[in-house]
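Participant: Build me a model from this:
(3 chains)
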Amino acid sequence: MEQPACGAMHPRAGVPIHYSTHGTNRHERVGGNRVASYILRRLIATIPVMLLVATGVFLLLKLTPGDPAGILLGPDASEERRLELREELGLNDSIIEQYVTWLGNAAKGDLGDSIFLNQSVTSSLVERAEPTLMLTFFSTLVALVVGLPLGIYAARKRGSWFDAGAMAIAIVGISMPTFWLGLNLILIFAVKLRMLPVAGYASLSDGLWESLRYIILPAVTLGVAQAALLARMTRSMMLEVLSSDYVRTARAKGVGEYRVVMAHAFRNALMPILNVVGLTIAALLGGAVVTEQIFNIPGIGRLLIQAVGRRDVPLVQGTVLVIATVYVVVNLVVDILAAALDPRIRRG
Amino acid sequence: MHTSGSSRSLILPRKMNRRSALKGAAALGAAAGAGLPFSRLTFPAAAQEELAEGGVLKIAIVGEPPAVLDSQFSTATVTNNLSQQVFEGLFTFDAAFNPQPMLVEDYEMSDDGLTYTFKLRSGIQFHDGSEMVAEDVVASLNRWGEINGRGKLVYGRMASIEATDPQTVTMTFNEPTGVLLSFLARAEAFVMPAAIAEAAGTDQLGEDQFIGTGPFRFVEHQVDQYLKVARFDDYTPRDEEPDGMSGRRIAYVDEIDFIPVPDESVRANGVIAGEYHFGDPLPPDFYDMIESDPSLTPIVVKPYYWYAPVFNKQQGLFTDQNMRKAVQLAFSQSEALKAGFGRDELIRADPSVCGEETAWYSTAGADAYDQPDPEQAQALLQEAGYNGETIRWITTHEYAYNFKIADFVKQQLEGIGMTVELVVSDWATVVQNRSDPEAYEIFLTGFSQYAHPATQPFNDAAWPGFWESEAKDQAISDMMAASDDESLKSAIDAYTETLWEEMPLVKVGDNFVLRAHRNEMKGFDNFPDWFFWNVGLE
Amino acid sequence: MTLGERSVERPTVSTRILRAFSRNRNLLVGHVLIAIVIVAALAAPLIMTHSPTAQNPSDRLLAPGFGSEHVFGTDGQGRDVFSRTIKGSQLSLLVGISVSMLTMAVGGLIGLISGFMPRVDSIIMRIMDAMMAFPSIVLAIGIMAVRGADITNVIIALTVVNTPRMARVVRSVVLGTSQAQFVEAAESIGSSTSRILFRHITPNCLSPVIVQTSFVFAEAVLGEATLSFLGAGAPPDIPSWGGMLSESRVFLSQAPWTMLVPGAALTITVFALNLIGDGIRDVLDPRLRHR
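Facilitator: Numbers count the residues shown, from 1 in each chain, chains lettered A, B, ... in the order given. This next block holds a predicted model:
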């Protein structure tokens, strides 16, 4: 059944846990060949989605007025030069022509050149990869380290003050706008206490410690909301599993509490948790725009926003395509992992 | 070489100064027992604090520079400023915006004003180790003439440019072009190796092509993260005292990291927190905080930019001069300026195209400036036969002043019965739409206060606003030709009069930019186009 | 929900609501908080102590103080922070309500169509997937860039961003329900499609849709604030919490109240909405809770 289970409609990642591109029953028996063909089918199913994304971006951009040549050349450029540059950049070709050319190249892996940055779209993205991945990794780390234990413990101590308190804090965590949290952290730790830098990014090549100093505040900013989400989700999952027949049987058989909780309950709860984490990672990769802005991190989110402002069409298209691809792939991986881990499925 | 007495001289009747200076030098030289050529004479260093060597400067800039260091390609201010750390041209500006020799040793202008002979300094090295020769200059200027708006203006009058010998460049013109040196002093008229200029052609310079003669050399560029330059050890400074950008340039610091910080509060907070040594531009609201902070020095940059609503003169309501004059009389320019920018320290109500700090200042014919006269405005509207048609003013929220001034003026215009519609979009859209004569009646933008008046973009009839005028063309031609102070001043006056008579735009006023540097940074000269030679870190 | 359940006596609506409130703290607290916000928005002209837009450069950056003229201080242009915050609630609630209503309508419609018509289902779901794969902030900013900065466009942009999820929810209910045996049974005795739709599927949809709508409301309030913060939202002359936060950054160290007050208002509002969403979900669909 496609009914979303376990209250999965949380505000942030926002898709029902059992994400699927088909109306088919995802829990059909998989094993061996079935797994392979499942993966293949899912992969093929992503193609029309990618195509739609690519076309959608293209149309959106072409609908948006604004001339990248004028922006590149600066305020004192002559009209003549601007028109020349437009010609050189191929901006005067028909829309269909531009679309087809771009699509053809994209299929071959060539995303074209950024108008503004004088480098290929691919290298722009590659350069932004490290900051984006760092931010995603550390904020997810924060989320896991804080959210998981909180959720598990709250589930175990269900009904207690700890539980109520933790869940209340979790809702606050989800409700607080990330940029407000970020500003508060900057105010406290960077401006008042001067413990951490106000903004910026240091690459790993500058040294791990230096890199960490810069990434802590942004990672916490993003991580808090995720942690809150995860805590709620985890608690929810754990509770459901902890009262299941299997667990009750195990307890009746005298299996130690720790084993019950960690070995079984948690493993079962893992699947939807994984799903959420996967989705959030996917969302973060393109969506940490505001955090990148207030912390001046040269990541993909900021690249995209700036590219839109400059009407840097190839860059926007290429970036959105890559983000969407990552999103879809991550979803796919998560689904596959979930299918593989789901003991109900494995048992057939 | 140039005494401060001639600071207001526009063209530098060079021959005169040189001869008198030589006399003085000869006297000195004779006294010292050496007959040294003028240019190698060293003057005693003026009292200037000793600057420490070493350190890495961190400079927060407004954003990722378009075309990085290639100021021939892009006219963006940040690109222009960055390029002059690494590239140099034949001339450069002193503190009064007079052109002074940089890569030029000496030069001559023929009596008919049509031929210029430039003798280059010898022994000037490029960052790749090669030596600069005349061919490099020719190739670089050719590229400038091809892809740069101001370059094209010059080349449009040029008959030929040649490297007559490895140390000499000769330019001949079809008409007198006294303004040449001012144009050559701009950062964009820089010199690079001939092979690179030719290889680059009309494309942006690539990273391996940032080879100049400047006191800093390009090291590394990480898009959106930083641009790194380092001291060029084989740089040969001039001997004269530093004056504006001219004179001796010494790179005291080891390296400079230019960090794009697109967000203005981050930029400002970064300077305050010590993350950056210098930030430009900073939000005006930070003025008080910076002033009261003992570790920072606020800088108000004068002159900087002026702002004006520009009329679409190609089609629509404002093809009629009476309509344009009506608008100017309908509101107080100084109040609009205040509405747009707020702080008194950062604004100046003044009708001149060029700031009073420059030698091109003129208020000729600008009596109507800031003398609102709603009745007269209404009379003009009547004469023009205005019937309540909607006036479309394209503006943006991206630059707060743009919207605020538009909003203020709109209210005043509505007060005399005009119908104004503010069409708000982002800046990219405004830039595009202002080129379309069907799309608007008015747009607002800023212009440099310290650029030669002949180079203002709105002089070009093809540029948004579409100002076509014989009187204007004549005045500009005279400006370009003027070969002495007198004729230049009268040409500029004629130009200003034409501007106020024909009213292609309505100058609202001047706005100065706020910068700040940390006090550890010493020796910084507050020139509008910043530079970091002669700057040391404590 | 089985056929059997339907014929059991149902307590009156009012009784059920009262019972829900008393049992569920989330719902109670959430509603109280949001009621405060709504009252503030509606009664704004009465509550505001100053004009929210009048600029007073001589009174800029005054610190808050309970006895003083400006309870929450003033901002960089001398405007009263308290009044601006109250005024800002109007925009947030307006956008929140509009977006959630529109999303419910549009998303619901799409979901229904998709659920009932397998032929168009694939295409529609592909499009929905494509929209969800798009980073939502960027999509919203892109739409704003195309359409221009005003409140209507903000509502449109945020509706577009939130519709796919709603469509999925509705669709999945439709699919789930239509496979239920009782629908087959109904079909077998000749009930028409529309009867099935109204009598069986719609009530089934109601709870997930209501739950989702309340979360969309929260998302919309946050979304509007984010867009305003980035300068891509409603025009800056309209007081908005996001806009206030954006302007406050320049004064972060000098005048932190300009950042704290609108941010707190925003957090409280979204918090209330999330509580309500949770509460409604717990009440309407106990299966969705932990047991």
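Participant: For A:Arg302, give me its contacts.
Facilitator: Neighbour list for A:Arg302: A:289, A:292-293, B:224, B:262 [criterion: C-beta atoms under 8 Å, 6 or more residues apart in numbering or on different chains]. Any C-beta I mention is one placed from the backbone N, CA and C, and that applies to glycine too.
Participant: cool, and B:Ile196?
Facilitator: The neighbourhood of B:Ile196, defined by C-beta under 8 Å, 6+ apart, consists of B:205, B:209, B:211.
Participant: what helix or strand is it on?
Facilitator: Counting by DSSP states H and E, the element that carries B:Ile196 is helix B:194-200.
Participant: restrict the contacts of A:Arg302 to contacts with chain C.
Facilitator: Counting by C-beta under 8 Å from any C-beta of the partner chain, A:289, A:293 from the contacts of A:Arg302 sit close to chain C.
Participant: Kindly list the longest strand within chain B.
Facilitator: Secondary structure of chain B per DSSP state E: the longest strand is strand B:296-311.
Participant: list the buried ones in that one?
Facilitator: Going by neighbour count (16 or more other C-beta atoms under 10 Å in any protein chain shown), the buried part of strand B:296-311 is B:296-299, B:301-311.
Participant: before we move on, what about stretch B:166-173?
Facilitator: Neighbour-count burial for stretch B:166-173, counted by 16+ other C-beta under 10 Å, picks out B:167-171, B:173.
Participant: again with stretch B:468-484
Facilitator: Residues B:469, B:472, B:475-483 are the ones in stretch B:468-484 that count as buried (16+ other C-beta under 10 Å).
Participant: What lies in contact with that stretch?
Facilitator: Residues outside stretch B:468-484 that contact it (C-beta under 8 Å, 6+ apart): B:10-11, B:13, B:109, B:113, B:153, B:157, B:175-179, B:313-314, B:452-454, B:459, B:461, B:487-488, B:490-492, B:494-495, B:498-499, B:501-502, B:504.
Participant: neighbours around the closest residue to A:Ile95 other than its chain neighbours, how many?
Facilitator: Spatially, and ignoring its direct neighbours in sequence, A:Ile95 is nearest to A:Lys62 (5.7 Å; C-beta to C-beta, 6 or more residues apart in numbering or on different chains). Around A:Lys62 there are 13 other residues, counting by other C-beta atoms under 10 Å in any protein chain shown.
Participant: now the host helix or strand of A:Lys62: how far from the chain's centre is it?
Facilitator: Using DSSP H and E, the element containing A:Lys62 is helix A:33-63. On the basis of C-alpha atoms, centre = their mean, to the nearest Å, helix A:33-63 sits 17 Å off its chain's mean C-alpha point.
Participant: Quickly find the element holding the spatially most central residue of chain C.
Facilitator: In chain C, the centroid-proximal residue (C-alpha atoms, centre = their mean) is C:Phe217; its distance is 0.4 Å. If you go by DSSP H and E, C:Phe217 is part of helix C:202-229.
Participant: May I see the buried residues of that helix?
Facilitator: Buried residues in helix C:202-229, defined by neighbour count with 16+ other C-beta under 10 Å: C:202, C:204-205, C:207-209, C:211-229.
Participant: so what's the residue lying farthest from the centre of chain A closest to, chain neighbours aside?
Facilitator: Largest separation from the mean C-alpha position in chain A: A:Glu80, at 43.6 Å (C-alpha atoms, centre = their mean). Leaving aside its chain neighbours, A:Glu80 sits nearest to B:Ala462 (6.3 Å; criterion: C-beta to C-beta, 6+ apart).
Participant: And for A:Val126, the neighbour number?
Facilitator: 11.
Participant: hang on, it in a helix?
Facilitator: Yes - assessed with DSSP: H, G, I helix; E, B strand; the rest coil, A:Val126 lies in a helix.
Participant: what about it, distance to chain B?
Facilitator: Per C-beta to the nearest C-beta, to the nearest Å, A:Val126 is found 11 Å from chain B.
Participant: which residues does C:Ala220 contact?
Facilitator: C:Ala220 neighbours (C-beta under 8 Å, 6+ apart): C:95-96, C:98-100, C:103, C:158, C:162.
Participant: In space, not sequence, find me the middle residue of chain B.
Facilitator: Chain B, centroid-nearest residue using C-alpha atoms, centre = their mean: B:Ala451 at 4.5 Å.
Participant: where does that residue fall, phi/psi-wise?
Facilitator: phi -90, psi 150 (degrees, to the nearest 10).
Participant: Over to B:Phe118?
Facilitator: Here is the backbone geometry of B:Phe118 (degrees, to the nearest 10): phi -110, psi 130.
Participant: so how many other residues sit close to it?
Facilitator: Neighbourhood size, B:Phe118 [other C-beta under 10 Å]: 24.
Participant: same deal with B:Thr496?
Facilitator: By other C-beta under 10 Å, 23 other residues sit near B:Thr496.
Participant: can you check C:Ile123 too?
Facilitator: Around C:Ile123 there are 12 residues (other C-beta under 10 Å).
Participant: Name the SS class of it, please.
Facilitator: Per three-state DSSP, the local secondary structure of C:Ile123 is helix.
Participant: Please tell me how far it sits from chain B.
Facilitator: Remark: distance between C:Ile123 and chain B (C-beta to the nearest C-beta) = 33 Å.
Participant: For that residue, give me its contacts.
Facilitator: Applying C-beta under 8 Å, 6+ apart, no residues contact C:Ile123.
Participant: what's the helix or strand hosting A:Glu130 packed up against?
Facilitator: Here A:Glu130, judged by DSSP H and E, is contained in helix A:121-156. In terms of contacts (3 or more C-beta pairs under 8 Å, 6 or more residues apart in numbering or on different chains; DSSP states H and E), helix A:121-156 is packed against helix A:161-175, helix A:208-242, helix A:267-287, helix A:289-294, helix A:300-309, helix A:313-341.
Participant: Pretty sure B:Asp529 sits in a strand.
Facilitator: No - B:Asp529 is assigned coil when assessed by three-state DSSP, not a strand.
Participant: Any stretches of the stretch 51-200 of chain B with poor pLDDT?
Facilitator: Of all residues in the stretch 51-200 of chain B, none has pLDDT under 70.
Participant: Cool, thanks, talk later.
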